[in-house]
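Student: mind looking at a prediction? Sequence and model below.
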Amino acid sequence: MNKKIPVILIMVFFVGSGVFAAGIGIQGGTDVAAGGKTGIDITFKLDSVPFVFAVGIPSFSPLAVGVTADYWILNNNLVGPLNWYIGAGLFAQLYTDDDEHFDAGFFGGVRVPVGLNLFFADDRFEVYLQVAPGLGIGIGNGIHPDFVIPINYGLRFWF
C-alpha cells in the first residue's frame, strides 16, 4: 500500500473536521519505534494547545501508528531567519501482530527534541531538522526498555 494515502487521509481528517491548526505540514525521517523505519508524518500545532504534534503510520507489516507531542522550551534565534529549539515531549506507538515476528504491542516514552528551524515568506513557512533522543518502554514480545534517536526533517505552513 502506498504510504502517501494514509498521510493524505489524515490531512483530510484534520482539515475536514474543522480543527483549526496554527501550523500544519509534513515531516519525513525515522519513527520513534518500529526499528527506525522511515516514513512520512503529518505535523501540526493547534491554536489552543502548546504542543507540536506528529502522527504517522511507519509500517504496514506489522501495522503501526505513532504519535509524538513536543513542548518547545526554547526557540531562540541564531542568525537571520535561522533558529534553534529544544523541548520535552512524549511518544507512543501501537503496532499489530504480523503472525511471524511480532506480537501486538505498545511502545512509549519521553523524548528531548533538539533542532534547527528556518522561517520564510513572512513567517508563513517553516523548514526544520531535528533529532529527538528518547527513553521508552516496549510492551509486546515481553517488556523491554529502549533508547531511540529519531531524526526528522519537515515543512510546516503557519496561518
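Tutor: Alright, I've got the coordinates. Keep in mind it's a predicted model, so treat the numbers as computed, not measured.
Student: which residues touch the residue nearest the centre of the chain?
Tutor: The residue lying closest to the centre of the chain (CA atoms, centre = their mean) is residue 54, at 3.4 Å. Going by CB atoms under 8 Å, 6 or more residues apart in numbering, residue 54 touches 27, 41, 42, 43, 44, 66, 67, 68, 152. From N, CA and C alone the C-beta is placed, and that goes for glycine too.
Student: how about a cut-off of 7 Å?
Tutor: Residue 54 makes contact with 27, 41, 42, 43, 67, 68 under the criterion CB atoms under 7 Å, 6 or more residues apart in numbering.
Student: name the element it belongs to?
Tutor: Secondary structure here is read from DSSP states H and E; on that basis residue 54 sits in strand 52-60.
Student: centre of the chain to that strand, how far?
Tutor: Relative to its parent chain, strand 52-60 has a centroid offset of 6 Å by CA atoms, centre = their mean, to the nearest Å.
Student: for the next helix or strand along the chain from that strand, what does the pLDDT average out to?
Tutor: For strand 52-60, the following helix or strand on the C-terminal side (DSSP H and E) is strand 63-79. The predicted model assigns strand 63-79 a mean pLDDT of 92.
Student: ok, back up a step: identify the farthest-apart pair in the contacts of residue 54.
Tutor: Using CB to CB, the pair of these lying farthest apart is 27 and 67, separated by 12.6 Å.
Student: those two: which is more packed in?
Tutor: Taking neighbours as other CB atoms under 10 Å, residue 27 and residue 67 compare with residue 27 leading, 20 against 16.
Student: and the pLDDT at that one?
Tutor: You'll see residue 27 listed with a pLDDT of 93.
Student: hey, what's the closest residue to it other than its chain neighbours bridged with?
Tutor: Nearest residue to residue 27 in three dimensions, chain neighbours excluded: residue 154, at 3.1 Å (CB to CB, 6 or more residues apart in numbering). Beta-bridge pairing for residue 154 (DSSP bridges): residue 27, residue 128.
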